[in-house]
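Participant: sequence first, predicted coordinates after that:
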Amino acid sequence: MTRFATTFAKPRPALVTFITAGDGDTGAILDALVAGGADVIELGMPFTDPMADGPAIQAANLRALAKGTTTATIFAIAAAFRQRHPNVPLVLMGYANPMTIRGADWFAAECAKAGVDGVICVDIPSEEDAELGPSLRAAGVDLIRLATPTTDAARLPDVLNGAGGFLYYVSVAGITGLQQAAQASIEDAVARLKAATDLPVAVGFGIRTPEQAAQIAKVADGVVVGSAFIDIIAEHGDAAAPYVEAFTRTLADAIHGAKEIAA
Amino acid sequence: MTHAPNSLRTGPDERGHFGQFGGRYVAETLMPLILDLERHYRAAQADPAFKAEFDYLLKHYVGRPSPLWLAERLTANLGGAKIYLKREDLNHTGAHKINNCIGQILLAKRMGKQKIIAETGAGQHGVATATVAALFGLPCTIFMGAVDVARQQPNVFRMKLLGAEVVAVESGAKTLKDAMNEALRHWVANVHDTFYIIGTVAGPHPYPELVRDFQSVIGDEARAQILEAEGRLPDMLIAPVGGGSNAIGLFHPFLDDEGVEIVGVEAAGEGLDGKHAASLAGGRPGILHGNKTYLLQDEDGQITEAHSISAGLDYPGIGPEHSWLHDIGRVRYEPVTDDEALASFQKLTKLEGIIPALESAHAIAAAERIAPTLGKDKVIIVNCSGRGDKDIFTVADALGVEL
C-alpha cells in the first residue's frame, strides 16, 4: 500500500497540514507537525508569483526566497524528512514554473528520489496535464488534483482522470487563508465528489480553528489547514516549532474524534 | 476570413497553443470561466451584430481609422527607407489599448457580467478600461503596482475621474506583474459577476487570441492605407513589444506576406547585461499568468524583475504568439535600450511634432538604426502605439529637468 492508502485507510479523518519550505526552521516545524498528530504534510515550494495565495502565504513565500531557499533546498528538506519519518505522506505544493523549469521528468525523478508521495500544482489544470502529469505518474508520484465550487458535473470526470493520492476540494472560490465556506455547501460538495471517485476527499481553504476542522471532518476524509500555521511561523520565526506542535495537537484531537462524536 | 491551410494566421490550436506556447495554466476555480469565455467569444465571432457594434464604436467613439502618416522629415534625416507612422496615438485615450477594451466590454455585456477589473502598468490600459466601463455604466476596479501608481500620477487621476477604483498593489516588486497577480486573485474570488479585461496578448487562452483579433484593426487599416499610398505592401513593419498587443495587431494581417519583413522591439533597459525587460533576448520558456511563454527567470524558475524606462514595457514576459513567431523566425526581435528610446523620443518630437509614448519611442529607435541601411525605395511602417503625454514626467526626470 502507498503511504496515502495506509493513511486514509485509518478509521478516522486525516489532518493535512501546509507549511512553506524555507520559512522558519522548516525541519523542526515538520517534526512538530508529526509529533502533534498531522497525518499528511504539504510542503509549499516558494514562488515569486503565488497567484492563488492570500497575504499570509504570499509573505511566507517571500520570506523563504529571501533566505535563499532553492529547489535543491526543498528536495534536501524532503529527503531528510523521509529519513526521519518513513511513514508520513509528504506532498509538494506549488506553481508550474519552478516544477517544470528543468523538465517534468527531472522534477518527477527528484520527487521519487526524495520520497515525495504526491504533487499539487496550482496552475496546471487537467487541460494542461501533459505538462507534468505523465512524468509524475511514470515515476510513481501521485498528481493530486483540485476540485472547486466552480467545477461542474460535466468537468469533474476530466479533473479526476489521472488524479491520484486524494482529491483536494478547495471549498472557497477565492485565495488561501481568507474566508470559510458554509458547512452545508461543503457537505453537498463532498457528497457529490465522493459519488464520483474512490479517492479520499480532503477539504481546505479558510479553515483556521479546531471547531471548524471538526465540523468538516464529520463529512470529509481529510481537513487541510495552512494559513493558520503560516501565521504562527510568521509570529515566532525560528522558535515556532513548539507553538506549531501545540496547535497541531488541538486540530488533530478535534479532527480525529469528529466522526466518533458524530456517530 | 479564410486563410491557406499553412497560414501563420490560423493559430492558436483548439487548446490555445501556438506551437509549445500559450495554453491555459490557471487555477481550477478559473477554468470553467475561461471555457465559458471561449464559448461566448466563438458565438460573438459568428454574430454580425457583434462586429457591427465593435466597428461602430471604433469609428465614432475611438476615432478610427487612425491615419498612416508619411514622416518626411524623419525619413530625410535618416537618409534611407521611407518611414510611415501608424498613428495609434490619435485614438481616444491616446493609445491602441482602447481597441481591445471596446471588444472586451462588448463581450462582458454579452456574458451578463456586472463588474469590470483590469491590471495596468503605465496606466494606458487602465485608462482605456475605465473609459469603456464609464461608457457602459459598469463599476470598475484597476489593479496597479504601488511603484507605478507613484510614477504615473496623471493616469491614476484620469482613472479616478472616470469613476474607477484604483488599487495600489503592495505585494512583490509593486509593478505590472504584481498587479496582474492581484487581479487574478480578485477574479478567482469574484468569478460569478466579474469580467477581467486583460490588456495585452497574454494570459490564458482565449485572451491572447481575442486581444490579437481586436487589435488586428491596426494592421488591417495599415495594409489598406499603404496600398493606397504606395500601391504596394511595405518592406518592413516595426512595433514595440511589451506584452505585444499593438505589435501583434499590426503584424498579424501581414504574417503570410513573405516579402514583408517584421521587426518587434523589446525593451533592453540598461542593456542586456544589466536590468532589462527583454524576455526573448534574455529569458527562456516558462509558465506564468496563465500561459507558457518566454520569461525572465532564474535557474529555479523564479521570476526576475524586469526594468524599462517605459512603465508599459516593464513586464518579465511576452505574449505567447510572439514567442512562437520568434522561435519559427517569422518575426525578428531586436533590443533597444532606455537611452536609445529617450533619444528617439526627443528626435521624433522635434522632427515630426509628435510626442510618442516611450513604448513607441523604442520602435522609432529601431527604425533609426535600420532605415539608413535600406535603400530610398524601401518602405517601413512603424507603429506609433501611443502618445507620450503620460511619459513627460519620466522623460523630464531622465533629462534632469524639474517640472
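Facilitator: On my side now, so go ahead.
Participant: okay, CA-based contacts and neighbour counts for the rest of this
Facilitator: Fine.
Participant: which bits of chain A sit near chain B?
Facilitator: Contact residues, chain A versus chain B (CA under 8 Å from any CA of the partner chain): A:47-54, A:70-71, A:96-102, A:122-125, A:127-128, A:146-152, A:173-175.
Participant: any quick ChimeraX command for the buried ones out of these?
Facilitator: Buried subset of the residues of chain A next to chain B, written as a ChimeraX selection, criterion 16 or more other CA atoms under 10 Å in any protein chain shown:
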select /A:47,48,49,50,51,52,53,54,70,71,96,97,98,99,100,101,122,123,124,125,127,146,147,148,149,150,151,173,174,175
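Participant: which of the residues of chain A next to chain B fall in helices?
Facilitator: A:71, A:96-100 (DSSP state H).
Participant: check contacts around the residue of chain B found nearest chain A.
Facilitator: Closest residue of chain B to chain A, CA to the nearest CA: B:Ala189 (3.8 Å). Neighbouring residues of B:Ala189 by CA atoms under 8 Å, 6 or more residues apart in numbering or on different chains: A:173-175.
Participant: now the residues you listed in a markdown table, with pLDDT?
Facilitator: As requested, the contacts of B:Ala189 are exported to a markdown table (pLDDT from 0 to 100):
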| residue | pLDDT |
| --- | --- |
| A:Ala173 | 86 |
| A:Gly174 | 86 |
| A:Ile175 | 86 |
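Participant: what sits against A:Ala252?
Facilitator: With CA under 8 Å, 6+ apart, A:Ala252 has these contacts: A:15, A:36-38.
Participant: what's the most distant pair in those?
Facilitator: Pairwise distances across the contacts of A:Ala252 peak at 10.2 Å for A:Leu15 and A:Gly36 (criterion: CA to CA).
Participant: which of those two has more neighbours?
Facilitator: A:Leu15 (26 against 20; other CA atoms under 10 Å in any protein chain shown).
Participant: so that one lies in a helix, does it not?
Facilitator: No: assessed with DSSP: H, G, I helix; E, B strand; the rest coil, A:Leu15 is strand; it does not lie in a helix.
Participant: right, and it touches A:Ile216 too?
Facilitator: No: A:Leu15 lies out of contact with A:Ile216 (CA atoms under 8 Å); the separation is 11.0 Å.
Participant: overlap in contacts, these two.
Facilitator: Joint contacts of A:Leu15 and A:Ile216 (CA under 8 Å, 6+ apart) are A:Val223.
Participant: nearest residue to residue 131 other than its sequence neighbours?
Facilitator: You didn't pick a chain, so chain A it is. A:Ala104 (6.9 Å; CA to CA, 6 or more residues apart in numbering or on different chains).
Participant: wait, I meant chain B there
Facilitator: Computed as CA to CA, 6+ apart, the closest residue to B:Thr131 that is not its neighbour in sequence is B:Leu162, at 6.2 Å.
Participant: what sits against the one you found?
Facilitator: B:127, B:130-131, B:134.
Participant: distance from the chain centre to the helix or strand of chain B with the lowest mean pLDDT, please.
Facilitator: Within chain B, no helix or strand scores below helix B:146-151, which has a mean of 90 by mean pLDDT, DSSP states H and E. Centre-to-centre, helix B:146-151 and its host chain are 20 Å apart (CA atoms, centre = their mean, to the nearest Å).
Participant: same thing with stretch A:149-163?
Facilitator: 19 Å.
Participant: with stretch B:237-251 instead?
Facilitator: 6 Å.
Participant: ditto for stretch B:303-316
Facilitator: With CA atoms, centre = their mean, you get 14 Å for stretch B:303-316.
Participant: with stretch A:61-68 instead?
Facilitator: Worked out by CA atoms, centre = their mean, stretch A:61-68 lies 20 Å from the chain centre.
Participant: give me the buried positions along it.
Facilitator: Neighbour-count burial for stretch A:61-68 [16+ other CA under 10 Å]: A:61-65.
Participant: using PDB, write out every CA atom in that stretch.
Facilitator: Extracted C-alpha coordinates of stretch A:61-68, given in PDB (Å, rounded to 0.1, in the frame of the first residue of the first chain):
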ATOM      1  CA  ASN A  61       6.900  32.700   0.000                       C
ATOM      2  CA  LEU A  62       8.900  35.900   0.000                       C
ATOM      3  CA  ARG A  63      10.400  35.200   3.500                       C
ATOM      4  CA  ALA A  64      11.600  31.700   2.200                       C
ATOM      5  CA  LEU A  65      13.000  33.100  -1.000                       C
ATOM      6  CA  ALA A  66      14.700  36.000   0.800                       C
ATOM      7  CA  LYS A  67      16.500  33.400   2.900                       C
ATOM      8  CA  GLY A  68      17.900  31.800  -0.200                       C
END
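Participant: any regions of the stretch 101-250 of chain A where pLDDT drops low?
Facilitator: Scanning the stretch 101-250 of chain A for pLDDT under 70 picks out nothing.
Participant: close to chain A: what parts of the stretch 251-400 of chain B are there?
Facilitator: Checking the stretch 251-400 of chain B against chain A by CA under 8 Å from any CA, the hits are B:286-290, B:299-303.
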